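Participant: I need the structure of the sequence given here:
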Amino acid sequence: MYDADKRKLLSLLSHAAIFFSTTLVSIGIPLAILFVSDDPIVKDNAKESINFHLNVWAWGSVILALSFLTFGLLGFILAPAGFILHWGLTAFALLKVFGNPDRPFEYPFIFRVL
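Facilitator: Presented below is the predicted three-dimensional model:
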């Protein structure tokens, strides 16, 4: 049997890593949790968090490129929408994991690499 408090803490930490930094730390923390933990739910949450952060970086690059191509016009629309969606989904994931730590959270509409 797996420790419920440890499961909740590591799952929350995986999804909340983006609040510490949007650089490599947001991928590094869930990656470390993925390799250290033996709990399958925690591993699934860490994988999902890594996939989400990679998607955030990819879509951020697309928004940046479109902003340059349109001289910033699309950046005024897409960047705030991207930030709201990014932080909103992260907060939603934290609430779901906190409410039901026995089920891994799956972000909607992302490409899964792992």
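Participant: drop to CA atoms for contacts and neighbour counts, all remaining ones
Facilitator: Fine.
Participant: So which residues make contact with stretch 85-99?
Facilitator: By CA atoms under 8 Å, 6 or more residues apart in numbering, the surrounding residues in contact with stretch 85-99 are 8, 11-12, 15-16, 56, 103-105, 107.
Participant: can you rerun that using 10 Å?
Facilitator: Identification of contacts with stretch 85-99 by CA atoms under 10 Å, 6 or more residues apart in numbering yields 7-9, 11-19, 45, 49, 52-53, 55-56, 79-80, 82-84, 100-101, 103-108.
Participant: Please flag which of those residues sit within strands.
Facilitator: When DSSP state E defines the strands, the subset of the contacts of stretch 85-99 inside them is empty.
Participant: From those residues, list the buried ones, please.
Facilitator: The neighbour-count test (16 or more other CA atoms under 10 Å) applied to these identifies 7-8, 11-18, 45, 49, 52-53, 55-56, 79, 82, 101, 104-107 as buried.
Participant: Show me what the top helix by length along the chain packs onto, helices and strands only.
Facilitator: With residue count as the measure and DSSP state H as the assignment, the chain has helix 40-69 as its longest helix. Based on contacts counted as 3 or more CA pairs under 10 Å, 6 or more residues apart in numbering; DSSP states H and E, the elements that helix 40-69 packs against are helix 4-20, helix 25-36, helix 73-99.
Participant: Make CSV out of the ones you listed and add distance to Ser61 and mean pLDDT.
Facilitator: Formatted as CSV, the entries for these read as follows, by distance: least, CA to CA, whole Å; pLDDT from 0 to 100:
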stretch, distance to Ser61, mean pLDDT
helix 4-20, 17, 93
helix 25-36, 16, 94
helix 73-99, 11, 93
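Participant: JSON lines please, covering those and showing distance to Ser67.
Facilitator: Output for these, formatted as JSON lines (distance: least, CA to CA, whole Å):
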{"stretch": "helix 4-20", "distance to Ser67": "23"}
{"stretch": "helix 25-36", "distance to Ser67": "24"}
{"stretch": "helix 73-99", "distance to Ser67": "5"}
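Participant: Fine, thanks again, bye for now.
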